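Visitor: what would the 3D arrangement of this be:
(chains A and B)
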Amino acid sequence: MSRTDAPQRRKSLIKNISNSRMLLLMCVPAIAFFVVFNYCPMPGAWIAFTNFNYTDGIFGSPFVGFKNFEFLIKSGQLWLLTRNTILYNIAFIVLGNILQIALAIMLNEIRMKHFKKISQTVMFLPYFISVVLVGVIAFNLLNYDTGALNALIEQTGGDPIKIYSAAGLWPIIIILVHLWQSTGYGSIVYFAAIMGIDRGLFEAAAIDGASAWQRIRYVILPSLKPTFVILLLFSMGGIMHGNFGLFWNLVGNNAALFQTTDIIETSVYRMVLSQNNFTTSTAVGLYQSLFGFALVMLANWIVRRINKDYALF
Amino acid sequence: MRSSDLTVARTVTEAVTALPRKRRAAVANPPRAIRLDRSDLVLRAISYTSITLFALFCALPFAMIISASFSSEAEIMRSGFGLFPKDFTLTAYEYIFKAPQQIIGSYVVTIVMTVTGTAIGLFVIAMTGFALYRKDFPFRNYISFFIYFTTLFSAGLAPTFLWVARDLGLRGSYLAVFLQLLMTPWLIILMKNFMRTVPYEVIESGKVDGAGDFRIFAQLSLPMMKPALATVGLFLALAYWNEWYLSSLYLGSTVEFKPLQYHLYNVINTANALRNSVAGSNVSITELPSNTLKMASAVVATGPILLLYPFVQKYFVSGITIGAVKG
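Guide: Next up is the predicted model:
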């Protein structure tokens, strides 16, 4: 580095700005948006270390160090929330991917155009409705007095189940509903990947006398592997974020089920909205952000090692 | 927008654009079956059956809601929800449309927000995506990271809530909902990837002809971006139409007309909201056909988007695949 570099670089920065001022200007609305709604609230995470009260504000409230975190750990809540959030996400990722791949392979076998179109339309339908409606549907099926499931059980001579107080059943229900809503949509990704497979590979397989199963095993599945790996690694980064709307509309404030259904986001939402508890909720949120951030970094590091092009940064 | 979408859409565009050109060309001609032996027929039979079953699995809950909304309350109480209307009646809908102000108000709020939000959001997203796609824009990487970083780390619900509600003073204002839904990092990244459908030569030829950057964007690039705009626009529109979460945080009970899905959320979850949503306070809650009324509200709140859906679905799927494939 010589001394003459610095002014030159400054000159080129000014030149860069003036040359691309229109492009910079085009980015201003988006930058302003993220500054106002994402960066400005960030200092507010300080609440996690205070005993926040409304009159003194965020930085005027008394500092309490890690007390809020201590409370969360001692009460066992942090462990419960982390466990639920992560386990649900693992189930969503594993079962979701398997079903999506299976569905994509089967869609690829469909030759009747109209059948394909109609079935696709119907399968994507659940993705387009609001989670509020999903909650309504679940209630129709599951409630004790008028639920369709209990009506069916009674007709076949069984005793109706009080599903809304049976915590043990909910992991199955939530996973099923999640798959119902996301599988059809998610399968597009794999379907697009199958469509991208070189036709020559199928021809070669046919000439070698491969059966349909061998075609899936040796041509389709290996071609899907990169997509699968990337999706897997990226979803690893988001493993601390649940499908909040779904959980809230299925379970909501039903404390009888929290043992198996409470995830980080539902508990934070409950604390803020119904208890006005800003300190604990901020502490949980901060923990979620930092832990999630570490996971994204780890996932990105793994992606980089596998294939640099797929890495985020 | 669900967080899984982020990874899905980004990965598709990035993974498939990494394909060599020859492989991409093959996509245009999907493989046709060459010769059918027994295993092909078995697989095909399995495929048709499973897909039919899965499609039914997806569709039946809708049938259940619709049929319940046309059933009589007494029959629902007696024998529960089912697939076909029991004791067909229009009572629930009569209740809703006896005093339609509430539902019409919600419709107006939601439609205005969806249309203007999608238009403004789409414009800003496309503009930003265009700038970030320009390889001759020296700040593209810094700005990309600045935007992307917000998905890695966020202040969390409580600090954001305090900031927006208290410091910005947006509590009880539709703006709190409207503004926060305008864009997400991943829609900008998606748009940036979609921009690759515009050949770089177009931009260069525009430059040679002396057009400014904004002119190149608005007059040359945008018209070539229709599938991308349709896809991103659909995502935005869905986010606005299905919104209930921000409304519950920032609007609560402060506004007269709640956005549609939040109105439905209230009708489903509170008895009072159910009474308010129909003929006013002179109806006693015990007389209301509450179950069927909730279902009818669900149908009224969802119906139009479902009727519209088969038409936009086409663009959505082809948008995803085109964006992914030709990237």
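Visitor: quick one: the helices in the stretch 201-313 of chain A?
Guide: Listed in chain order, the helices of the stretch 201-313 of chain A (DSSP state H, counting those that start in this stretch) span A:212-215, A:221-237, A:244-250, A:258-261, A:264-275, A:278-306.
Visitor: repeat that for the stretch 101-250 of chain B.
Guide: According to DSSP H, counting those that start in this stretch, the helices that the stretch 101-250 of chain B contains are B:101-133, B:140-152, B:157-162, B:174-180, B:185-194, B:200-208, B:213-215, B:226-241, B:245-246.
Visitor: re the thing from before, so which of the helices of the stretch 201-313 of chain A comes closest to chain B?
Guide: helix A:278-306 (2.6 Å; CB to the nearest CB). In this view, the C-beta of every residue, glycine as well, is placed from N, C-alpha and C.
Visitor: buried residues, that closest one. List them.
Guide: A:278-289, A:291-293, A:295-296, A:299-300, A:303 (16 or more other CB atoms under 10 Å in any protein chain shown).
Visitor: mean confidence (pLDDT) on that helix, please.
Guide: For helix A:278-306, mean pLDDT rounds to 88.
Visitor: same question, stretch B:113-122
Guide: 96.
Visitor: now stretch A:163-178
Guide: 90.
Visitor: next one: that stretch to chain centre, how far?
Guide: Distance of stretch A:163-178 from the chain centroid (CA atoms, centre = their mean, to the nearest Å) equals 19 Å.
Visitor: any part of that stretch near chain B?
Guide: No. Applying CB under 8 Å from any CB of the partner chain, one finds stretch A:163-178 separated from chain B by no less than 9.6 Å.
Visitor: what are the C-alpha coordinates of that stretch, in PDB please?
Guide: Written as PDB, here are the backbone C-alpha positions of stretch A:163-178 (Å, rounded to 0.1, in the frame of the first residue of the first chain):
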ATOM      1  CA  ILE A 163     -58.700 -33.800  21.800                       C
ATOM      2  CA  TYR A 164     -58.300 -30.200  23.000                       C
ATOM      3  CA  SER A 165     -57.100 -31.400  26.400                       C
ATOM      4  CA  ALA A 166     -54.900 -34.300  25.200                       C
ATOM      5  CA  ALA A 167     -51.400 -32.800  24.900                       C
ATOM      6  CA  GLY A 168     -49.900 -36.100  23.700                       C
ATOM      7  CA  LEU A 169     -52.000 -36.100  20.500                       C
ATOM      8  CA  TRP A 170     -50.900 -32.600  19.300                       C
ATOM      9  CA  PRO A 171     -47.500 -33.300  17.800                       C
ATOM     10  CA  ILE A 172     -49.200 -35.700  15.400                       C
ATOM     11  CA  ILE A 173     -52.000 -33.200  14.600                       C
ATOM     12  CA  ILE A 174     -49.800 -30.200  14.100                       C
ATOM     13  CA  ILE A 175     -47.400 -32.200  11.900                       C
ATOM     14  CA  LEU A 176     -50.300 -33.500   9.800                       C
ATOM     15  CA  VAL A 177     -51.800 -30.100   9.400                       C
ATOM     16  CA  HIS A 178     -48.500 -28.600   8.400                       C
END
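Visitor: ok, and what's touching it?
Guide: Residues outside stretch A:163-178 that contact it (CB atoms under 8 Å, 6 or more residues apart in numbering or on different chains): A:87-88, A:91-92, A:95-96, A:134, A:138, A:142-144, A:147, A:149-150, A:161, A:243, A:246-247, A:250-251, A:254, A:256-261.
Visitor: low-confidence regions, the stretch 1-150 of chain B specifically.
Guide: The stretch 1-150 of chain B contains residues with pLDDT under 70 at B:1-35.
Visitor: try it again with 90
Guide: B:1-41, B:61-69, B:71-103, B:134-138, B:140-141, B:148-149 (pLDDT under 90).
Visitor: now the stretch 1-150 of chain A
Guide: Residues of the stretch 1-150 of chain A that meet the cut-off, pLDDT under 90, sit at A:1-21, A:50-68, A:70-72, A:75-77, A:108-114, A:116-125, A:127-129, A:136-150.
Visitor: look up how far chain B lies from the residue nearest to residue A:221 when sequence neighbours are not counted.
Guide: In this structure, residue A:221 finds its nearest non-sequential neighbour in residue A:101, 7.9 Å apart by CB to CB, 6 or more residues apart in numbering or on different chains. Distance, residue A:101 to chain B, by CB to the nearest CB, to the nearest Å: 13 Å.
Visitor: show me what contacts residue A:101?
Guide: Applying CB under 8 Å, 6+ apart to residue A:101 gives the contacts A:187, A:190, A:221, A:224, A:228.
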